[in-house]
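>>> using only what follows, build the 3D model:
(2 chains)
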Number of protein chains: 2
Amino acid sequence: MLLKTEDKRTLKPDLRINTQRLEIDFNELAEIGATKEGGISRLALSNEDLQARAWLANRFSQAGLLVRDDDAGNLSGVLLSKNQNAKHLLIGSHLDSVPNGGRYDSSVGLLAALEAVRSIQEAKIKLPFHVEIIDFTDEEGCWQSLFGSRALTGTLTENYLYDHNVDYGPFRAALYRAGIRPADVYKAKRDPSSLVGYLELHIEQGYRLHEAGIDIGVVTGIVGRTTYDIRFYGEATHSGTTRASARRDALRGAAVYICRAYELVQNNFPDGILNCGNIQVFPGAFNLIPSEARLTVECRHQNREALAEMESQLTRLAQEVAAEYRLTTNSQRVVHMPAAAMSGETISYIEQACDILNVSHMRLVSLAGHDAQSMSNFTPSGMIFIPSVNGISHSPREFTEWRHVVSGANVLLHTILLMAQAYQT
Amino acid sequence: MLLKTEDKRTLKPDLRINTQRLEIDFNELAEIGATKEGGISRLALSNEDLQARAWLANRFSQAGLLVRDDDAGNLSGVLLSKNQNAKHLLIGSHLDSVPNGGRYDSSVGLLAALEAVRSIQEAKIKLPFHVEIIDFTDEEGCWQSLFGSRALTGTLTENYLYDHNVDYGPFRAALYRAGIRPADVYKAKRDPSSLVGYLELHIEQGYRLHEAGIDIGVVTGIVGRTTYDIRFYGEATHSGTTRASARRDALRGAAVYICRAYELVQNNFPDGILNCGNIQVFPGAFNLIPSEARLTVECRHQNREALAEMESQLTRLAQEVAAEYRLTTNSQRVVHMPAAAMSGETISYIEQACDILNVSHMRLVSLAGHDAQSMSNFTPSGMIFIPSVNGISHSPREFTEWRHVVSGANVLLHTILLMAQAYQT
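From the prediction side, this is the model:
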């Protein structure tokens, strides 16, 4: 792929997406899996997720796009180039949500892509590449984070469905129900030489754009993220009669760990982010000292070395706390997504598109994970962020002003046009 | 009921229980619900519990006892006095266990009572009261602590099956399956004037007898116990993008609470006992800040005023921590068992029985709850403790030396004989 970056004209500088059509799509999709709090529950591979996929496939079909899905359940609508041998520009996001999440997270990315493609069709613009809108399976990690994009890039681990320590039976059943054969998921891998690149529009999910009053965030990179399953083991003896000095209380150890871990990150890693999202306690009776506490720990940092050091200190802390409270401990690294860098050229196209549209923009690092994280090591990738009001996300209170959704979709449209213009096979 | 305490002769001072027969019973019962770790899982109303009841009913029947059960599922074997209008001396304990608990907790109490009764029969001793061995339903609180003894004493709360905040459906189903009609449970209430008293043999579940090298503990009282359901509420926003100062993390609040609560009890209530036995976190995703943490807190103290003050400080602490971490909180008192005193006369009979048998004894307060706690406000009650090796209980490693099981059973036998001798209608 060669790009003529010096050429700053666009094919149709005055072209804009159809706001009303986008809004109709947005409102229809937001009804699938709607919660009474005004949010969305579309867990990956759930009935609601499958219903949303069917809805999107119909929309693709109505727009005259080629509808296809791959062996990992990723659903695509392709605007074909006249050149049958053309490469694919992927524009992705995902329909699945966290439990009771927001209506903007990810949905707007797919709908903006669909609207941009429809606008290109209506303007009868011929593109030198196929534009493939792609809904990735299970971005949020209801089963496995970035499942679809990791399958497409061939970065699922060998044991993604057969780990000894985890019962993947329900996941396999959910895949089968969605028409995905676990043994065939590897076939979803694409050839990077068949791709032009990857684009994704997404809400920021943070407060930086909103507070700065900036319309568009141009993502330069995505924080690295690692999750751990940290277990503390004590002994389940009688809570009333075991003397204090003989207690081996796994929950108390885990509680001390949580307190100290947040302090450690605050003191030693001011740019790092920690989340202890869950804990399970066994046997869990009111009159038994907890013998086991399983803690879910997530670390994020934009710097790869700092993330590694943060992980090292957090796992050492678990050993220290365990020793102090007469417990044993075991830390297992469950998921690791290295920090990702977006393509410099793609960043430049997004910024040019903003300038053509006269919308303000700033560069920033994504503090949330995205499919672009898998994609960026595979094909030149870029992300367009639009502001989240008060930075609230993964919540029914997630909100983005409609004018920002519209300007984001127009930036996406003109980024595609700029890439097309600069593109030479 | 009048007792001639000055008369220290027994009916048959040389009578001893049949050790081998007791051991056969012990080994057979220990197989019902046996776990691979060498413990017992006989949760109240489970298949294993029902199987153990059937086994015990058969043993009662083989011993020629009258087998009966009441509307709360309490199972009795009665050695009838010649006097048909006689009162009942209840000798209780329970067949249910905590998950993967020990083989001695409670089972030895029922088996020792059965063996004592068989020995009395064989010696052709006529008693002035009926001796009723009783297996109480759900002592351990799998569903509701001391359910059977609270039903018998009429101290179940009005809403024991219909609390608004709890789904009692599974409990009702378990009762029905065991042949217990929830609406009839109140009929299990007995008339205290029909009872002579209550006796219970139990392992200490603590380390005091074992460390002191004493054979028998004569229980003077039982600690009061209160359990709380303490909930912390925050907000489930995105773990990566929510700024640290905006996090409303319910699990972090609960962790801080656990740490401070143990320190509070250690500093302010050196004789008090705290246990945080379980915590549940919602939504529980690795990438969502926990919006709710439900903590099970249990407090014990032998002094009623101190327990009330301990509860007050612990619920106030929850409010302080919640305020500090931008959370809200709610504390619900789930179970309260006031501290209980054993009968002075019964204590004296147990000590006399020890002296007749020439076994060492000491008085102590029970740090664990027992059905005697319900019974002691209803009828003169006494408890006989035997040593637990290293104080371990509610664990597969629970162990009591066989010689102590035997001496405990003999003390129980002679306590019955002393009571019979002193008894005048």
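>>> the stretch 251-400 of chain A: helices as residue ranges?
Ranges of helices in the stretch 251-400 of chain A, per DSSP state H, counting those that start in this stretch, are A:304-324, A:344-357, A:371-375.
>>> and the longest one with chain B, contact?
If I follow you right, that is helix A:304-324. No: Helix A:304-324 lies out of reach of chain B by CB under 8 Å from any CB of the partner chain, never closer than 11.0 Å. Every C-beta, even on glycine, is put in place using the N, C-alpha and C of the backbone.
>>> now stretch A:254-262
Yes: residues of stretch A:254-262 contacting chain B under CB under 8 Å from any CB: A:254, A:255, A:256, A:258, A:259, A:262.
>>> just the buried residues of the residues you listed.
Buried positions within these, assessed by neighbour count (16 or more other CB atoms under 10 Å in any protein chain shown), are A:254, A:255, A:256, A:258, A:259, A:262.
>>> quick check: residues of the stretch 251-400 of chain A near chain B?
A:251-252, A:254-256, A:258-259, A:262, A:266, A:273, A:275-279, A:281, A:283-290, A:296, A:298, A:300, A:335, A:367-369, A:388, A:391-395.
>>> rerun that using 7 Å as the cut-off
A:251-252, A:255-256, A:258-259, A:262, A:273, A:275-279, A:281, A:283-290, A:296, A:298, A:300, A:367-368, A:391-395 (CB under 7 Å from any CB of the partner chain).
>>> how's chain A carved up into domains?
For chain A, automatic domain parsing gives the domain ranges A:2-222+A:343-424, A:224-337.
>>> so how far is the longest one off the chain centroid?
In other words, domain A:2-222+A:343-424. Distance of domain A:2-222+A:343-424 from its chain centroid, counting by CA atoms, centre = their mean, to the nearest Å, is 10 Å.
>>> so what pLDDT did residue A:32 get?
Looking at residue A:32, its pLDDT reads 97.
>>> phi, psi of it?
phi -80, psi 110 (degrees, to the nearest 10).
>>> just to check, it is in contact with residue A:48?
Yes: if you go by CB atoms under 7 Å, residue A:32 and residue A:48 touch, sitting 5.8 Å apart.
>>> any common contacting residues for the two?
residue A:42 (CB atoms under 7 Å, 6 or more residues apart in numbering or on different chains).
>>> for the residue of chain A positioned farthest from its centre, grab phi and psi.
Note on chain A: the largest C-alpha distance from the chain mean falls to residue A:241, namely 48.9 Å (CA atoms, centre = their mean). Phi and psi for residue A:241, reported as degrees, to the nearest 10, are phi -110, psi -10.
>>> ok, now residue A:236?
Per degrees, to the nearest 10, the backbone of residue A:236 is at phi -90, psi 80.
>>> how near is the closest residue to it other than its chain neighbours to residue B:274?
Nearest residue to residue A:236, sequence neighbours excluded (CB to CB, 6 or more residues apart in numbering or on different chains): residue A:291, at 3.6 Å. According to CB to CB, to the nearest Å, residue A:291 stands 17 Å off from residue B:274.
>>> which secondary structure state does residue A:125 sit in?
coil (DSSP: H, G, I helix; E, B strand; the rest coil).
>>> distance check, it against residue A:411.
For residue A:125, the distance to residue A:411 - CB to CB - is 17 Å.
>>> now do the end-to-end distance for stretch A:354-366.
19 Å (CA to CA, to the nearest Å).
>>> give me the most central residue, chain A.
residue A:370 (2.8 Å).
>>> quick one: pLDDT of that one?
In this model, residue A:370 carries a pLDDT of 93.
>>> my guess is it contacts residue A:200. True?
Yes: assessed by CB under 7 Å, residue A:370 is found in contact with residue A:200 at 6.2 Å.
>>> mutual contacts of these two, please.
If you check residue A:370 and residue A:200 against CB under 7 Å, 6+ apart, the residues they both contact are residue A:383.
>>> now name the helix or strand holding residue A:173.
In the assignment (DSSP states H and E), residue A:173 maps to helix A:169-177.
>>> which residues does the helix or strand following that helix contact?
Using DSSP H and E, the helix or strand that follows helix A:169-177 in sequence is strand A:195-203. Strand A:195-203 is touched from outside by A:1, A:87-93, A:104-106, A:108-109, A:112-113, A:129, A:343, A:346, A:370-372, A:375, A:379-386, A:388, A:393, A:400, A:408, A:412, A:415, A:423, with contacts defined as CB under 7 Å, 6+ apart.
>>> which among the helices of the stretch 251-400 of chain A is found nearest to residue B:145?
helix A:304-324 (31.5 Å; CB to CB).
>>> what packs against that closest one?
For helix A:304-324, the packing partners by 3 or more CB pairs under 7 Å, 6 or more residues apart in numbering or on different chains; DSSP states H and E come out as strand A:224-233, helix A:250-268, strand A:292-301, strand A:328-337.
>>> so which bits of that helix are buried?
Those would be A:306, A:307, A:308, A:310, A:311, A:313, A:314, A:315, A:317, A:318, A:321, A:322, for helix A:304-324 by 16+ other CB under 10 Å.
>>> show residues contacting that helix.
Residues contacting helix A:304-324 (CB under 7 Å, 6+ apart): A:224, A:226, A:230, A:232, A:253, A:256-257, A:260-261, A:264-265, A:268-269, A:272, A:297, A:299, A:301, A:328-329, A:331, A:338-339.
>>> for it, C-alpha coordinates in CSV please.
What follows is helix A:304-324, C-alpha atoms only, in CSV (Å, rounded to 0.1, in the frame of the first residue of the first chain):
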residue,chain,number,x,y,z
ARG,A,304,5.0,-1.4,28.4
GLU,A,305,7.9,-1.3,30.9
ALA,A,306,5.9,0.4,33.5
LEU,A,307,3.0,-2.1,33.1
ALA,A,308,5.5,-5.0,33.6
GLU,A,309,6.9,-3.4,36.7
MET,A,310,3.4,-2.7,38.0
GLU,A,311,2.5,-6.4,37.5
SER,A,312,5.7,-7.5,39.2
GLN,A,313,5.1,-5.3,42.3
LEU,A,314,1.4,-6.3,42.5
THR,A,315,2.2,-10.0,42.5
ARG,A,316,5.0,-9.5,45.0
LEU,A,317,2.6,-7.7,47.2
ALA,A,318,0.2,-10.7,47.2
GLN,A,319,3.1,-12.9,48.5
GLU,A,320,3.9,-10.4,51.2
VAL,A,321,0.3,-10.1,52.4
ALA,A,322,-0.1,-13.9,52.3
ALA,A,323,3.0,-14.4,54.5
GLU,A,324,1.9,-11.8,56.9
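>>> how far away from the center of its chain is that helix?
With CA atoms, centre = their mean, you get 26 Å for helix A:304-324.
>>> between it and strand A:328-337, how big is the angle?
160 degrees (axes from the mean of the first three to the mean of the last three CA atoms, to 10 degrees).
>>> low pLDDT regions in chain A?
Of all residues in chain A, those with pLDDT under 70 make up the ranges A:1-10, A:158-166, A:425.
>>> try it again with 50
Scanning chain A with the threshold set as pLDDT under 50 gives A:1-8.
>>> one step back: in PyMOL, how would I select the buried members of the residues of the stretch 251-400 of chain A next to chain B?
In PyMOL, this line selects whichever of those come out buried by 16+ other CB under 10 Å:
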select buried, chain A and resi 251+252+255+256+258+259+262+273+275+276+277+278+279+281+283+284+285+286+287+288+289+290+296+298+300+367+368+391+392+393+394+395
